[in-house]
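J.: how does the following fold in three dimensions:
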Amino acid sequence: MGKAKRYWLLKTEPSEWSWSDQDANGGISKWDGVKSKQAQKNLKSMASGDLCFFYHSGTKSRCVVGVVEVVREWYADDDDGEGVVDVKAVGEMRRFVDLKEMKGDKGIKDFVLFRQPRLSVVPVEDDVWKKICELGDGFWGNGKEDRESSDES
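T.: Next up, the predicted model:
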């Protein structure tokens, strides 16, 4: 049997790389610029098929805006010598999930993001993933819209 799918959160400053940039880039990009040893360790732990929340950080907006999938596992990048993974856009959240909203939900009080807020690559436990997806009413591309439209016919 294959490895179980894992979940992650990838933080980015929207002025550096936004969801719009990811989407306009054909959906596939190299996730680079990760300097922290702990964040690099998390990148190395990712496997193809893992899903990641795309999180806008910064002062203006701190929220989950979309979901990407790991399509190429960790490799050394010739450009800067750091390790990177390649990710592909899966879909935008139906409703962005703000950091304050996540912190206010008792179901996700132990989220690593709250304990290590400066970490740019964060593991996400299964129950936290499900709860954030619930708060955001899922994401486009998760099959939910297909079921909804077929129910209406």
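J.: quick one, longest strand in this protein?
T.: Longest strand of the chain, by residue count under DSSP state E: strand 83-98.
J.: any buried residues in it, and which?
T.: For strand 83-98, burial by neighbour count (16 or more other CB atoms under 10 Å) applies to 83-87, 89-93, 96-98. Any C-beta I mention is one placed from the backbone N, CA and C, and that applies to glycine too.
J.: which secondary structure elements does it contact?
T.: Here strand 83-98 touches helix 19-24, strand 28-31, helix 37-45, strand 51-56, strand 63-76, helix 126-135, going by 3 or more CB pairs under 8 Å, 6 or more residues apart in numbering; DSSP states H and E.
J.: tell me how far the first one lies from the chain's centre.
T.: Spelled out, that is helix 19-24. Relative to its chain's centre, helix 19-24 lies at 13 Å (CA atoms, centre = their mean, to the nearest Å).
J.: among the helices and strands packed on strand 83-98, which is the most enclosed?
T.: Across the helices and strands packed on strand 83-98, averaging neighbours per residue (mean count of other CB atoms under 10 Å) puts strand 51-56 on top, at a mean of 24.
J.: find the least confident helix or strand in the chain, judged by mean pLDDT.
T.: helix 144-152 (a mean of 43; mean pLDDT, DSSP states H and E).
J.: and the longest strand of the chain, what's its mean pLDDT?
T.: The average pLDDT for strand 83-98 rounds to 95.
J.: could you check the angle it makes with strand 51-56?
T.: 70 degrees (axes from the mean of the first three to the mean of the last three CA atoms, to 10 degrees).
J.: chain center to strand 83-98, what's the gap?
T.: 5 Å.
J.: how about that strand as PDB, C-alpha atoms only?
T.: Coordinates of each C-alpha in strand 83-98 appear next as PDB, following Å, rounded to 0.1, in the frame of the first residue of the first chain:
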ATOM      1  CA  GLY A  83      15.500  22.600  -1.700                       C
ATOM      2  CA  VAL A  84      12.100  23.100  -3.400                       C
ATOM      3  CA  VAL A  85       9.000  21.200  -4.300                       C
ATOM      4  CA  ASP A  86       6.700  21.700  -7.300                       C
ATOM      5  CA  VAL A  87       3.000  22.400  -6.600                       C
ATOM      6  CA  LYS A  88       0.000  22.600  -8.800                       C
ATOM      7  CA  ALA A  89      -3.200  24.600  -8.100                       C
ATOM      8  CA  VAL A  90      -6.100  22.400  -7.300                       C
ATOM      9  CA  GLY A  91      -8.700  25.100  -6.500                       C
ATOM     10  CA  GLU A  92      -9.600  28.300  -4.700                       C
ATOM     11  CA  MET A  93     -11.400  28.200  -1.400                       C
ATOM     12  CA  ARG A  94     -15.100  28.900  -1.900                       C
ATOM     13  CA  ARG A  95     -14.700  31.300   1.100                       C
ATOM     14  CA  PHE A  96     -11.300  32.500   2.400                       C
ATOM     15  CA  VAL A  97     -10.600  31.400   6.000                       C
ATOM     16  CA  ASP A  98      -9.100  34.100   8.000                       C
END
